[in-house]
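> Quick one, structure for this:
(2 chains)
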Amino acid sequence: MVKTDRNTLENDLKKIIAEIVEIEPEKITLDANFVEDLGMDSMMALEILASIEKKYKLRIPEENLTKITSLNKVMELVDKFLSK
Amino acid sequence: MLLKDKVAIVTGGTRGIGRAIVFDLIQNGAKVLFTYLKSDESAGIMLDEIKEVNGEAEAIKADVRLYDEARKTVEEAINKFGKIDILVNNAGIIKDKALMMMEPSEWVDVINTNLTGYFNMAKACIVTMMKQKSGVIVNISSIAGVVGMPRQINYSSAKAGELGLTKSLAKEVASYGIRVNAVAPGFIDTDMTKNLKQKDDLIKMIPFGRFGKPEEIAKVVTFLASENSRYITGQVLKVDGGLAI
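As a prediction, the model looks like this:
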């Protein structure tokens, strides 16, 4: 498991999401809704999940796919599974 | 060995067409997890038979009408074999009656097992397959879903629904390297058809002049599960001795 502080976590996640959704990382604020504000489609949620699993060597059950809606929520998710 | 080292799940694997599919996949080198609903005994006997031919298989008692049990089945396959390459949706029931005699519960039972069961298993597998960027789903439908059959409006509706599921999902996941096809058997010699009335009249409708054998469906499933059909998706392959030409 990779240990990481909040700022690094936030920036790393922004980078992952920006690459998949193909937007500037600055547009990904903590509360911006991925679908409504950033134009993410549902298939991209899976790619974000898979990328996070790979980077942090985690296994996040697919039931959590619907929680991939904003950076805040993604951080909560990663926190939860990093601490397990 | 068309399916060497592939991992397959087959629902309703202990009887009829499902049983033949399990054996054909095994003979082609796949590792198979099959589900059954009732008989621990026949599942155990089958596992012994598979061992005798040096095949690798696992059986799980699961009710595909329930999403949680479908999920459990998929988790079991991943824990045991590490991945899922092939899903064969096969578990099905009939409750044949004329519409005027059919109870609403007989409609719901058949739709739940045959159609919702296929949805549950496909949903339970799809994220794993999408992450793998590969996978094959074969849905065993029926000629009843293609042309309609009297006294089977529940079954025909479910079987036609499976074809909609097949075509929609094929489009949805093609870009992930996943193929989804359906096989529509005609009249096949199984427990499901052994009590059919007027069998002689039915045989007259079949250009080949006989019912099919479960193995003749299984061969087609293996083809659709293998690389030999790698450019085929969203199709309904009728295997019916010419019945629905």
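> show me what contacts the residue lying closest to A:N72 once chain neighbours are set aside?
Leaving aside its chain neighbours, A:N72 sits nearest to A:L30 (4.6 Å; criterion: Cβ to Cβ, 6 or more residues apart in numbering or on different chains). Just so you know, the C-beta spots here come from the backbone N, C-alpha and C atoms, and that holds for glycine as well. Each residue near A:L30 by Cβ atoms under 8 Å, 6 or more residues apart in numbering or on different chains is listed here: A:10, A:70-72, A:75.
> ok now the helix or strand of chain B with the lowest mean pLDDT, how far from the chain's centre?
Within chain B, confidence by mean pLDDT, DSSP states H and E is lowest for helix B:199-205 among all helices and strands, at a mean of 93. Helix B:199-205 has its average C-alpha position 25 Å from the chain's average C-alpha position, going by Cα atoms, centre = their mean, to the nearest Å.
> after that helix comes which helix or strand?
Downstream of helix B:199-205, the first helix or strand assigned by DSSP states H and E is helix B:214-225.
> what residues does the helix or strand that that following helix is followed by touch?
Later in the chain than helix B:214-225, the nearest helix or strand by DSSP H and E is strand B:236-239. Around strand B:236-239, the neighbours that count as contacts under Cβ under 8 Å, 6+ apart are B:141, B:143, B:146, B:163, B:166, B:181-186, B:212, B:216-217, B:220, B:224, B:244.
> Which strands border strand B:236-239, and is each parallel or antiparallel?
According to DSSP bridges, strand B:236-239 forms sheet pairs with strand B:178-185 (parallel).
> tell me the pLDDT at the residue of chain A found nearest chain B?
Of all residues in chain A, the one sitting closest to chain B is A:E62 (4.2 Å; Cβ to the nearest Cβ). Turning to A:E62, the model gives it a pLDDT of 91.
> quick one, phi psi at the closest residue to it other than its chain neighbours?
Counting by Cβ to Cβ, 6+ apart, A:E62 lies nearest to B:V127, which is 4.2 Å off, once chain neighbours are set aside. In terms of degrees, to the nearest 10, the main-chain angles of B:V127 are phi -70, psi -40.
> my read: B:V127 touches A:T66, true?
No - in this structure B:V127 lies outside contact range of A:T66 using Cβ atoms under 8 Å: 11.8 Å.
> Burial check on B:S42, number of neighbours?
Neighbouring residues of B:S42 were enumerated by other Cβ atoms under 10 Å in any protein chain shown; the total is 15.
> Equivalent analysis for the one 5 residues further on, please.
Other residues near B:L47 number 16, with proximity taken as other Cβ under 10 Å.
> same thing with B:K167?
The number of residues packed near B:K167 is 17, by other Cβ under 10 Å.
> re the thing from before, can I have the buried ones of the contacts of A:L30 as a PyMOL selection?
Listed next is the PyMOL selection for buried residues among those, using 16 or more other Cβ atoms under 10 Å in any protein chain shown:
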select buried, chain A and resi 10+70+71
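> Which members of the contacts of A:L30 are the farthest-apart pair?
Greatest spatial distance in the contacts of A:L30: A:E10 and A:S70, 12.2 Å, computed using Cβ to Cβ.
> All set, thanks.
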